[in-house]
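> sequence unknown, structure follows:
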């Protein structure tokens, strides 16, 4: 039924455009689209857990008294939760995904246009309707598969100036998509409901936008999540282009751990707890990029600051009451790459690069903080807030970062790009990853024995946490892309991960630094994929 709805919607769009009344003065309609099929296999990486649940409670929250580890949802409070196994004994994770997209663009007189994009994302086998044993033909189990990822009105050359206005749902990408990109992963779009204004003239472009990420009306008068920004690029110099930007996420959703009597609330106000303000995350950044002769380079640097109460709210000790209502963003992020292309057969381009996402792990406590927790019912821990990659489209490693969710780490890499034949391109890369701020985990018993529960040796002494490791490991990457035509290409790739102790023993680098990577072992891991893509 879903694909039938897709076809009906597509026909409706075309008919609607071509049958517009004369006052619309439709000039042109363009129809395009995309079909993308990816087969993906992860070996020794993801933990399926019980009943297919990929989240596993490695260490229960009660083993960390007085320590605020944070959690990623209300269902997973306290303790160490992980999606990783780093162990070859369990089942591996694999599937084939398909993206089907239809684009329709209509041009009208007076520089007015309308753009639509319909997308359907599916996993092979999830929507098959027939039971081969009984022959029963059931309704497909499709939930919200077909969506408009673009639906906006565009007006260009406004008031006789090179100014363009876009209003509606749209895909936003700025620069190389390092912090704002149109896709969340390679096959999933990230649409923004936004108003965007663009000025572009003579190698200078500046964008300003306002978007709505969440709307809580009428539950809260001021409880929305909004995203604003300004992004400008100057490209007048021969070997240098400069981009500068300001990004602002404002999260006004109200947060409260307790709902007490008026007297109780008065006491909390007097002591200064459970008082979470509006989160304002500001990101200022600059990017320098260009090429000269055989050299090319790209450097991007960003600094984040502002109130982080939405993050501090989740850092409540398992046996405590309050989180950190005084948390702040105060982190740097950086990525750079320099390449040189040789004038030789296969056009080899060698490159070196690196990434740094500043992290903060305040989950450890000392002896005096431990005593203070037991003596003070109003104890507030310190939150752990790392550099957030916002809406990034730049993957550090497909084997574990395909959705751009890792931070609190650094990377150095080198490699070579080749064109060994017509329409064939390949890349080999070797990268090393390390943790910026390590997690001080307790001395565990049972970690190397799968039949034993993993727990600290003496849980009550949660300040006794001397061990840490910052070695995430090495990743070797090999990819080849064959462009059969201008519109159709096939890519195959392989990542091999030499897992380090910092990854298997666990650090808070996943989901923007809020989730641990702890597994059952430290076996090497692999990721293999193919990607067939047709654009029309």
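Good, I have the coordinates. A quick note: this is a predicted structure, and the numbers were derived from the prediction, not measured.

> buried stuff in stretch 236-253?
241, 243, 245, 247-253 (16 or more other CB atoms under 10 Å). Heads up, the C-betas are built off the backbone N, CA and C, glycines and all.

> so which of those residues sit within strands?
241, 243, 245, 247-251 (DSSP state E).

> tell me the helices and strands packed up against whichever strand or helix holds residue 300.
Following DSSP states H and E, one finds residue 300 within strand 295-307. The contact analysis (3 or more CB pairs under 8 Å, 6 or more residues apart in numbering; DSSP states H and E) places strand 295-307 against strand 279-292, strand 328-341.

> mean confidence (pLDDT) on that strand, please.
Taken as a whole, strand 295-307 has an average pLDDT of 97.

> could you check the angle the helix or strand residue 231 falls within makes with strand 279-292?
Element membership for residue 231, per DSSP H and E: strand 225-234. Put simply, strand 225-234 runs at 20 degrees to strand 279-292, going by axes from the mean of the first three to the mean of the last three CA atoms, to 10 degrees.

> and strand 225-234, which strands flank it?
The strands beside strand 225-234 in its sheet (DSSP bridges) come out as strand 204-214 (antiparallel), strand 241-251 (antiparallel).

> shaky segments in the stretch 101-250 of the chain?
139-144, 186 (pLDDT under 70).

> list the buried residues in the strand holding residue 231.
Here strand 225-234 shows 225-227, 229, 231-233 as buried, counting by 16+ other CB under 10 Å.

> swap in stretch 38-45?
Result for stretch 38-45 [16+ other CB under 10 Å]: buried residues 38, 40-45.

> mind listing which of those are in strands?
The members of the buried residues of stretch 38-45 that map onto strands under DSSP E are 38, 40-43.

> and which of those is nearest to residue 421?
residue 38 (23.5 Å; CB to CB).

> so that closest one makes contact with residue 528?
No: in this structure residue 38 lies outside contact range of residue 528 using CB atoms under 8 Å: 11.3 Å.

> which of the buried residues of stretch 38-45 sit farthest apart?
38 and 44 (20.1 Å).

> ok, the closest residue in space to residue 533 that isn't next to it in sequence - contacts?
With CB to CB, 6 or more residues apart in numbering as the criterion, residue 533 has its nearest non-adjacent residue at 4.7 Å, and that residue is residue 36. Residue 36 is in contact with 98-99, 101, 187, 531-534, counting by CB atoms under 8 Å, 6 or more residues apart in numbering.

> ok so, going back, so what's the gap between the strand holding residue 231 and the chain middle?
18 Å (CA atoms, centre = their mean, to the nearest Å).

> from here on, count from 15
All right, first residue 15 from here; so that's strand 239-248.

> pull the residues that contact that strand.
With CB under 8 Å, 6+ apart, strand 239-248 has contacts from 188-189, 194, 206, 208, 217-228, 255-267.

> please repeat the previous calculation with a cut-off of 7 Å.
Strand 239-248 has contacts (CB atoms under 7 Å, 6 or more residues apart in numbering) with 188, 217-228, 255-265, 267.

> got it, and stretch 507-516?
Counting by CB under 7 Å, 6+ apart, 100, 411-413, 448-449, 452, 483-493, 536-543 sit against stretch 507-516.

> buried stuff in it?
By neighbour count with 16+ other CB under 10 Å, stretch 507-516 contains the buried residues 507-511, 513-516.

> those residues: which two are farthest apart?
Farthest apart among the buried residues of stretch 507-516 - using CB to CB - are 507 and 515, which lie 26.4 Å from each other.

> name the nearest of the ones in strands among the buried residues of stretch 250-267 relative to residue 440.
Using CB to CB, those come closest to residue 440 at residue 255, 27.5 Å.

> that closest one against residue 303, yeah?
Yes: under the criterion of CB atoms under 7 Å, residue 255 makes contact with residue 303 at 5.5 Å.

> hmm, back to that, dump the buried residues of stretch 250-267 to TSV, plus distance to residue 529.
Below are the buried residues of stretch 250-267 laid out as TSV (distance: CB to CB, whole Å):
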residue	distance to residue 529
255	36
257	31
259	28
261	23
262	25
263	20
264	24
265	19
266	25
267	21
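
> looking at those, which one is closest to residue 397?
Of those, the one sitting nearest to residue 397 (CB to CB) turns out to be residue 265, at 14.5 Å.

> that closest one and residue 320, how far apart?
Applying CB to CB, to the nearest Å, the value for residue 265 to residue 320 is 10 Å.

> again with residue 360
Residue 360 is 48 Å from residue 320, by CB to CB.

> what of residue 534?
Counting by CB to CB - residue 534 and residue 320 are separated by 38 Å.

> please apply the same query to residue 477.
Residue 477 sits 31 Å away from residue 320, going by CB to CB.

> comparing the two, which residue is more hemmed in?
residue 477 (20 against 17; other CB atoms under 10 Å).

> quick one, what contacts the more buried one?
379-381, 384.

> what's the most distant pair in these?
The widest separation within the contacts of residue 477 (CB to CB) is 8.2 Å, between 379 and 381.

> give me the more crowded residue out of these two.
A direct count of neighbours by other CB under 10 Å for residue 379 and residue 381 places residue 379 higher, at 23 against 10.

> distance check, the closest residue in space to the more buried one that isn't next to it in sequence against residue 332.
Distance criterion CB to CB, 6+ apart; nearest residue to residue 379, sequence neighbours excluded, is residue 477 at 5.3 Å. According to CB to CB, residue 477 stands 15 Å off from residue 332.

> now do residue 347
31 Å.

> more crowded one of these two?
residue 347 (24 against 18).
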